[in-house]
Structure formats: structure tokens, C-alpha cells
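A.B. asks: Got a predicted structure here, sequence first:
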Amino acid sequence: MSDWLIVANSSEARIYEIRSRKNIHLIKFLEHPESRMKTRDLITDKPAHYRSNLKAPGSSTDRANPKATEMARFAKRIVDIVEHASVLGQFNNIFIVAPAQFHGLLDRLMSDGSIAKIKMVIHKDYTDLGTEELRNVVYPLYEPISI
């Protein structure tokens, strides 16, 4: 069985399978263009209104941060893939390369079983690196873990 390397930020993720120190290949590429959108393009024009038993109509002006909402939505999408693959036994260990804030989201959404499989985290945004460049960054740090 192999290990997985997840290289992600709030708008892009690549999942690699690591079979050996030099054998890394891309198995999934994900994009979330909503995370790149401007906040004004993510929100509706008016606050939501609701009916109330009170005499004055109600409105909801407490809006969540739309950028954070989109980031969390994308993190959940990645975690769903990881959780499914974990159940199927598709990897032994997980190595994550992501900015600290995004890694924190992934961590909060992962099950305890998947978190236990995380063997290395690098808090950097390396989504712009190609497979060969990424291999050169991860290679010195990667130690396959034997059972």
C-alpha cells in the first residue's frame, strides 16, 4: 500500500500517491474557483428576511464571512475524498502541505482515524510547484513508515 501527499490551499488541491521516495504521481486534482472570487461576488445583495411573531419584520444581518465559508466548503470536499479512501484502505499515511489556516480546517473536519494517519505537515503553499519540484521539496523529508 502507498502513502498520500495532499498539497492544497483554499482554491486548489492535488492529491498524490507516493509509492517510494522517487515514485510520486498525481491521482486527483481539485479546484474551487469560488475561493478566488471577491467577497462582494459571493454575497447576495440584500440581507435575508424572515417572518416573525413580533410586530416588526425580522432580518438577518449577521452574515458569515463568505470567503471563510467557501474555504470550509472546499476543505470538506477534500476531507470527504480522504475519508472515503481511508475506509477503502487506499493509503497507509498522509502527508499534508498546506498553509497553516487551511491545514487547521482540514484537521477539524477529519475523523480521528484519518488524523492518526497524518505523519508530516508542512505549512507552506506549494500548489504552484510541479510534480518534479514537489518531489525535490518532499524527498528529503519523506521517510516511508513501515508497519
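C.D. replies: Sure, I can see it.
A.B. asks: pLDDT below threshold where in this structure?
C.D. replies: 33-64, 141-147 (pLDDT under 70).
A.B. asks: show me where it has strands.
C.D. replies: For the chain, strands defined by DSSP state E occupy the ranges 3-8, 12-20, 23-31, 48-50, 58-60, 94-97, 118-122.
A.B. asks: Could you say which one of the ones you listed comes nearest to Leu129?
C.D. replies: Closest approach to Leu129 among these (C-beta to C-beta): strand 3-8, 7.5 Å. Bear in mind the C-beta positions are built from the backbone N, C-alpha and C, glycine included.
A.B. asks: And the contacts of that closest one?
C.D. replies: 13-18, 24, 78, 82, 85, 90-98, 102, 106, 119, 126-127, 129, 134, 138, 144-145 (C-beta atoms under 8 Å, 6 or more residues apart in numbering).
A.B. asks: at 7 Å instead, please
C.D. replies: Among residues not part of strand 3-8, those counted as contacts by C-beta atoms under 7 Å, 6 or more residues apart in numbering are 13-18, 24, 78, 91-98, 102, 126-127, 134, 138, 144.
A.B. asks: What angle do strand 12-20 and that strand make with each other?
C.D. replies: 160 degrees (axes from the mean of the first three to the mean of the last three C-alpha atoms, to 10 degrees).
A.B. asks: ranges for the helices of this structure?
C.D. replies: Secondary structure of the chain (DSSP state H): helices at 39-42, 66-87, 100-109, 112-116, 131-138.
A.B. asks: now these as TSV including mean neighbour count?
C.D. replies: Compiled in TSV, those are given as follows (neighbours: other C-beta atoms under 10 Å):
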stretch	mean neighbour count
helix 39-42	10
helix 66-87	17
helix 100-109	17
helix 112-116	12
helix 131-138	15
